[in-house]
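Engineer: Pasting the sequence and the predicted model now:
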Amino acid sequence: MKLQYIAAALMTMLFNSVVRAQVVRGVVEEAGTHIKLRDVFVRDANNRQLTLTDSKGRFGVRTETGHVLIFASPGYVSDTLYVTDYKEKRIQLETQSIALREVTVSASSAFNPRVEYPEVYERSKFYALSPTSWFGKEARDARRLKRYFAVEEEQRKVDSAFSRVYVSSIVPLRGEQLEDFMTLYRPSYEFLRSNNGPSLAAYINDCYKKYMALPADKRRVARLPGQSPTSQQR
């Protein structure tokens, strides 16, 4: 009899958990342009559920009312959503400047996805006798997240090497001009991986000569109407 009570209690707890946790769906866009954003990192801060938006900016994440969803993507200001209902959501992310990007990276420099989300790396593995590990949605989503983490790690390394402090120590640019220069000539991760410090300094000097040779109107990065330098995308 006791076993029956225990089983019934466990079933009730499981049912209540399933009822509470539902999938919130929506779309993520770039503010001002309504461009659908792919590969935006969506994370529930309370239950560690996470996903990425698809090619149409759409997402679906299992959450509960009272939870907080975090939306993050390189080049955009992160946004949060306090879940009050399960209606479809429309999230708009503001573009951010290089300066804001550096603040974000510095604040989260200790983030190690392999430690924070070991389940993602486990689910991304292929197992010969497990078809779901090859074709299942959960496994495919995990592999997308793994790629996302890898790209973000590379971009953090670029941000660290190609910082405002370092670049401004080599070229006599400041403020908006420095922002535009760094946006126009941001090096790739592949370049940094195969070049040392002196090579990077030479690259920056060479780019500065090219920058100064441009007509004045070509030195400026296009911005949205009413957009300040501190809100532009890197």
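Structural biologist: Perfect, I can see it now.

Engineer: per-residue confidence averaged over stretch 68-88?
Structural biologist: Per-residue pLDDT over stretch 68-88 has a mean of 91.

Engineer: What of stretch 201-212?
Structural biologist: The predicted confidence, averaged over stretch 201-212, sits at 95.

Engineer: mind listing what's buried in that stretch?
Structural biologist: For stretch 201-212, the buried set under the neighbour-count rule, 16 or more other Cβ atoms under 10 Å, comprises 203, 204, 207, 208, 211. In short, each C-beta sits where N, CA and C put it, glycine included.

Engineer: Go through the residues you listed and flag which are in helices.
Structural biologist: 203, 204, 207, 208, 211 (DSSP state H).

Engineer: Starting from the biggest helix by length in the chain, tell me the next helix or strand along the chain.
Structural biologist: When the chain is parsed with DSSP H, its longest helix is helix 137-161. Reading on from helix 137-161 to the C-terminus, the next helix or strand found by DSSP states H and E is helix 164-168.

Engineer: Just read off the phi/psi values of the residue sitting nearest the centre point of the chain.
Structural biologist: The centre of the chain sits closest to residue 73, judged by Cα atoms, centre = their mean, with a distance of 2.8 Å. Reported as degrees, to the nearest 10, the phi and psi values for residue 73 are phi -160, psi 140.

Engineer: shift numbering so it begins at 254
Structural biologist: Sure, I'll start counting at 254 from here, so that last one is residue 326.

Engineer: Report pLDDT for residue 478.
Structural biologist: The per-residue confidence score, pLDDT, reads 46 for residue 478.

Engineer: Likewise for residue 256?
Structural biologist: Model confidence at residue 256 (pLDDT) stands at 46.

Engineer: Tell me the buried residues in stretch 399-417?
Structural biologist: For stretch 399-417, using 16+ other Cβ under 10 Å, the buried residues are 399, 401-402, 405, 407-409, 411-412, 414-417.

Engineer: Now render the residues you listed as CSV, adding pLDDT and distance to residue 291.
Structural biologist: Supplementary listing: those in CSV, determined by pLDDT from 0 to 100; distance: Cβ to Cβ, whole Å:
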residue, pLDDT, distance to residue 291
399, 86, 16
401, 85, 10
402, 86, 16
405, 82, 14
407, 89, 17
408, 86, 16
409, 86, 20
411, 91, 20
412, 89, 21
414, 91, 26
415, 93, 24
416, 92, 27
417, 92, 28
